[in-house]
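# sequence and predicted structure, then a few things I'm wondering about:
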Amino acid sequence: MNRTFALFFSPRGTVHDVGVLPRERAIIAAVIRKGADPVTVEEHLDELEMLLDTAGADVAGRLTQERDRPDISTAFGKGKVEELKELVESNNATSVVFDDELSPAQVRNLEEALKIKVLDRSGVILDIFAAHARTVESRTQVELAQLEYLLPRLTRMWTHLSKQFGGIGTKGPGETQIETDRRMYRTRMQRLKEKLKEIDVQRVVQRKGREGLPRFALVGYTNAGKSSLMRVLTKADVYVQDQLFATLDTTVRTFALPSGQKALVSDTVGFIRKLPPQLVASFRSTLTETLEADILLHVVDISNPHYREQMAVVEQTLNDLGASDTPVIVVFNKIDVLDDHATMDDAEAESPGCVFVSAHRGLNIDRLLHVMQSTYEESAILRLLRIPYEEMNVVARLYGEVEVLRRSDEDSAVLLSVRVPADQLAPFTARYRRYVTTEQPSQPTAL
Ligand SMILES: Nc1nc2c(ncn2[C@@H]2O[C@H](COP(=O)(O)OP(=O)(O)OP(=O)(O)O)[C@@H](O)[C@H]2O)c(=O)[nH]1
Ligand SMILES: [Mg+2]
């Protein structure tokens, strides 16, 4: 990718086309807590390097400092900042990227000392999202997250941006340029929020048409193979790339479980360590499909030596989003490039009920489908309802809301065997209490 990053954020959420400029040369910097495991630290910095590569920057060097906590004004101590400056100069670096989250003041002070752009990990992730966003929705979400991130960071380094949209806002008497920028950012953010609300309404309409089918959602660390798995499960043409955050929009597709039952599976944005909170917040509606799924498929790249930490990050993110109660099937992917069995034995012991697959080679997909079916059947509860013929509208509504397994007609009523996802049982029972019978419905057969 031949473009510079973050420095060129525009208020329209797109990265300026700077194809003629050379790639950025970045120095990676990190504060290491005293006592932190050096291997883990290196892994985190390797990941930041991958992020930078995806964003279109080369890494010219690394510098770390061990401290109890980052210096409040410059993250590194004074002497270390000097060392960083020398490293920047000797490498002709064009930016410095900290793995730690930097406060707006730290960015300001570091930029002043180093005379080049200073970013943190969140800034890089936001930039990748901006470059990969394809639809109106994801573009809007990314732009909102960018502005939320930039607002408190508007400094002299950023003020040149204002000139790009000069003339939109009028400079009031006595106001500084930064204040004018801030006001414009806020107005724009308000507009973006309204736009997202409208998109949300359309989404609700779309979802209505899919009610009643079992819903599965693919979740996992970025690059784990979620979209590849979507592709083999649904035989659809899904965008797969060996890059971080290839997928930003949620897609939903139908497929068939081994019983022949039609079901839905959604693919969505991947997670990563320190995913900027601004992004999580603005992508919340995209993640709705995930949050409302009956079963989550947690896709893990078992060929990655750090898969355990990645799993923990995904679990934490799901927890933060409030999806921790949904049943999860752990799917260890990429077994085709795994040559030691000990890793699989360990993984199985740690995640009972997991499934090992290769989306790439289509290995073990049948087994996964069977596990998906049985997990769904166990997680859903069967109910038998008797609805009088005068209330056929209730019958119609039930068909739209839940999975109807069997229907039989009596003299004065319709008997429906329905399957209710375990987590929806309470509201369902409250709503249809009048019709629920105490007779036990027979086990379902394929429809
Ligand atoms: N060897 C191997 N590679 C795989 C397998 N599944 C996926 N990949 C590769 O892993 C990379 C990422 O795959 P994606 O399906 O795009 O992963 P994702 O989880 O959707 O990634 P993001 O959308 O970026 O979060 C691609 O290069 C895939 O070809 C597999 O079973 N084996
Ligand atoms: Mg993907």
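Happy to help now that I have it. Numbering: from 1, shown residues only. Ligands and ions are numbered 1, 2, ... in the order given.
# stretch 106-126 close to ligand 1?
No. Using C-beta under 6 Å from any ligand atom, stretch 106-126 stays clear of ligand 1, with a minimum separation of 11.9 Å. The C-beta positions use only the backbone N, C-alpha and C, and glycine is treated the same way.
# export that stretch as CSV, just CAs?
Only the C-alpha atoms of stretch 106-126 are listed here, as CSV (Å, rounded to 0.1, in the frame of the first residue of the first chain):
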residue,chain,number,x,y,z
GLN,A,106,1.6,13.6,25.7
VAL,A,107,1.2,13.7,22.0
ARG,A,108,1.5,17.5,22.0
ASN,A,109,4.7,17.5,24.1
LEU,A,110,6.3,14.7,22.1
GLU,A,111,5.5,16.3,18.8
GLU,A,112,7.0,19.5,20.0
ALA,A,113,10.2,17.7,21.2
LEU,A,114,10.6,15.5,18.1
LYS,A,115,9.2,17.8,15.5
ILE,A,116,7.4,15.0,13.7
LYS,A,117,4.0,13.3,13.9
VAL,A,118,3.4,11.2,17.0
LEU,A,119,0.6,8.6,17.1
ASP,A,120,-0.5,5.7,19.3
ARG,A,121,-1.8,2.3,18.4
SER,A,122,-5.4,3.5,18.4
GLY,A,123,-4.5,6.1,15.8
VAL,A,124,-3.0,3.4,13.5
ILE,A,125,-6.0,1.1,13.9
LEU,A,126,-8.4,3.9,13.1
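# just the mean pLDDT for it, thanks.
Here the mean pLDDT over stretch 106-126 is 91, rounded to a whole number.
# any idea which helix is longest in the chain?
helix 177-208 (DSSP state H).
# counting by contacts, list what that one packs against.
On a contact count with 3 or more C-beta pairs under 8 Å, 6 or more residues apart in numbering; DSSP states H and E, helix 177-208 meets helix 136-150, helix 156-164.
# following that helix, which helix or strand shows up next?
Of the helices and strands lying after helix 177-208 in sequence (DSSP states H and E), the nearest is strand 215-220.
# touching that following strand from outside, list them.
Strand 215-220 is contacted by residues 226-227, 229-230, 263-268, 270-271, 289-290, 292-301, 310, 314, 318, 372, 376 when judged by C-beta atoms under 8 Å, 6 or more residues apart in numbering.
# what about 6 Å?
Contacting residues not belonging to strand 215-220 are listed as 226, 230, 264-267, 289-290, 293-299, 314 [C-beta atoms under 6 Å, 6 or more residues apart in numbering].
# state the pLDDT value of the residue of the stretch 1-150 of the chain found nearest ligand 2.
Closest to ligand 2 within the stretch 1-150 of the chain is residue 132: 10.1 Å, counting by C-beta to the ion. Listed pLDDT for residue 132 reads 86.
# just to revisit the earlier point, of all the contacts of strand 215-220, which two lie farthest apart?
Greatest spatial distance among the contacts of strand 215-220 (C-beta to C-beta): 264 and 314, at 20.8 Å.
# ok, those two, which is more surrounded?
residue 314 (23 against 19; other C-beta atoms under 10 Å).
# contacting residues around the residue of the stretch 1-150 of the chain closest to ligand 2?
When contacts are counted by C-beta under 6 Å, 6+ apart, residue 132 touches 245, 248.
# domain parsing for the chain?
Following automatic domain parsing, one gets these domains for the chain: 24-131, 135-208, 215-377, 381-432.
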